[in-house]
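Trainee: got a predicted structure here, sequence first:
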Amino acid sequence: MFDNLSQRLGQVVKNLRGQGRLTEANIQDALREVRVALLEADVALPVVRDFIAKVKEKAAGQEVMQSLTPGQMLIGIVHGELTALMGDQAAPLSFASQPPAVFLMAGLQGAGKTTTCGKLAAPIRERGKKKILMVSCDVYRPAAIEQLRTVAGQAEADFFPSAPDQKPLDIARAALDHAKRHFHDVLIVDTAGRLHVDAAMMQEIKELHAALNPVETLFVVDAMQGQDAVNTAKAFNDALPLTGVVLTKLDGDARGGAALSVRHITGKPIKFAGIGEKLSGIEVFHPERMASRILGMGDVLSLIEEARKSVDHAEAMKTVQKLKSGKGFDLDDFKAQIQQMKKMGGLSSLVDKLPGAGQLQSGDLAQGEKQMQRIEGIINAMTPQERRKPELIKASRKRRIATGSGVQVQDVNRLLNQFEQAQKMMKSLGKGGLSKMMRGMKGMMPGMR
Ligand code: GDP
Ligand code: MG
């Protein structure tokens, strides 16, 4: 998908080539083209308007970095805003309820609800072994219940049988009762869709919602629907307290409008993307990656990244992941960070910006470089266990490490102090999530915005 949009945006960059800097006039021209590109991709008009206004505001205040052209600069801004438009960060499923955690699926007929019921089993199990029960409240199409039975079988989930002559509400209540009594962790409730939004369907799903009190009410929407997807999303969002959106058929040739509009219109995160008919055809929706895919300009984006002094995003992600998983920032991470800084060049200026590295600053680059090497050497002389748990390093270990790396014990002490301060910083940043951390890292590096 997104091919047209990507091409269009590529053209914007080309047109800006050769221009020395971003001016009022060339921003204006470029934004007009971005606007057309978005409209052609079927992005809803109010969304386009907001988007353009934001990009404009950012671009106006932006100096062009020396190593970037205005076009690249603008793409950087567009990339950031696309990411923000789609929700910034991936949004995980919630299980925060007394078991069973009920997931209610809502959406039009053919959107992919039943298929998604099965697809969700994998991401649910990622959170630990969970006992899943599935039930269909789609009593209108004879094959619908059987379809879910098959899906449940493939997904290795339990299936609660229902029949076309039952009332959806009765089915839901019975399934919930069954799930409670059989200690299921999760109950996934499939519902009937209609071809179009109609009052009866909305009434029914509202009643189901009231009876089930679901922890997740997922709106499933077909990305190929373009503008219609937006209208449907609005209708469902008005009727139900949706907790998230599943965008299906992103593997098709949709133009991308739904992906770009639905978050903005509903204010609800896109949690998953459907990318195929099979049960494995699902992925967690990552706004940042999606924005990169849309822009389809790996080269330009990486150039921008480089210009931002090559903070290794993946490394940073890994660290954040670590912090989140409670494993903490250890000496291996510290070493990785130092190697990162080595890569970034401007060594001495970076060294003195290392938290608590006042002592490290010796004025000239060669000194700084030597220090870095020494730190690495000291860390290398530690055992893996010591790196993970620096608190183990008491006097005798310190002597061993100092001897092993050819330094004095006081050098080891100094390193451990510096590490402790870095760890404190990482902890406080970790709480604010990645964006805060990236901002924090940027603050440490001259020339970054
Ligand atoms: P429901 O009416 O909302 O329950 O929709 P279904 O789950 O029955 O799906 C309708 C059709 O869309 C089926 O043929 C599915 O195989 C197909 N489908 C669902 N999700 C995806 C997806 O992510 N990609 C593709 N290519 N097809 C999908
Ligand atoms: Mg169905």
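Mentor: Thanks, I have the structure now. Numbers count the residues shown, from 1 in each chain. Ligands and ions are numbered 1, 2, ... in the order given.

Trainee: in contact with Ile375, which residues are there?
Mentor: Shown in contact with Ile375 (Cβ atoms under 8 Å, 6 or more residues apart in numbering): 335, 338, 415, 418. All C-beta atoms are positioned from the backbone trio N, CA, C, and that covers glycine.

Trainee: dihedrals phi and psi, whichever residue of the chain sits closest to ligand 1?
Mentor: Of all residues in the chain, Gly274 sits closest to ligand 1, at 2.6 Å by Cβ to the nearest ligand atom. The phi and psi values for Gly274, taken as degrees, to the nearest 10, are phi -90, psi 130.

Trainee: I'd assumed Ile282 was in contact with it.
Mentor: Yes - counting by Cβ atoms under 8 Å, Gly274 does reach Ile282; the two are 5.8 Å apart.

Trainee: where in the stretch 151-300 of the chain is pLDDT low?
Mentor: Counting by pLDDT under 70, the stretch 151-300 of the chain has low-confidence residues at 254, 296-300.

Trainee: tell me the contacts of the residue of the chain closest to ligand 1?
Mentor: Gly274 neighbours (Cβ under 8 Å, 6+ apart): 112, 115-116, 119, 246-251, 281-282.

Trainee: I figured Ala112 hits Leu250, correct?
Mentor: Residue 112: Gly, not Ala. No - counting by Cβ under 8 Å, Gly112 stays clear of Leu250, with 10.5 Å between them.

Trainee: residues from the protein in reach of ligand 1?
Mentor: Proximity of the chain to ligand 1, by Cβ under 6 Å from any ligand atom, involves residues 107, 109-115, 193, 220, 248-249, 251-252, 274-277, 281.

Trainee: kindly give a single ChimeraX line that selects the buried subset of these.
Mentor: Selection of buried members from the residues of the chain next to ligand 1 for ChimeraX, criterion 16 or more other Cβ atoms under 10 Å:
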select :107,111,112,113,114,115,193,220,248,249,274,275,276,281
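
Trainee: looking at the residues of the chain next to ligand 1, which are in helices?
Mentor: Among the residues of the chain next to ligand 1, DSSP state H puts 113-115 in helices.

Trainee: mind putting these into CSV with pLDDT and distance to Ala395?
Mentor: Output for those, formatted as CSV (pLDDT from 0 to 100; distance: Cβ to Cβ, whole Å):
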residue, pLDDT, distance to Ala395
Lys113, 97, 64
Thr114, 97, 65
Thr115, 97, 62
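
Trainee: ok, so of those residues, who is nearest Arg141?
Mentor: Arg141 has its nearest neighbour among those in Thr114, at 10.1 Å by Cβ to Cβ.

Trainee: quick one: contacts for that closest one?
Mentor: With Cβ under 8 Å, 6+ apart, Thr114 has these contacts: 105, 136, 138, 144, 147-148, 151, 190.
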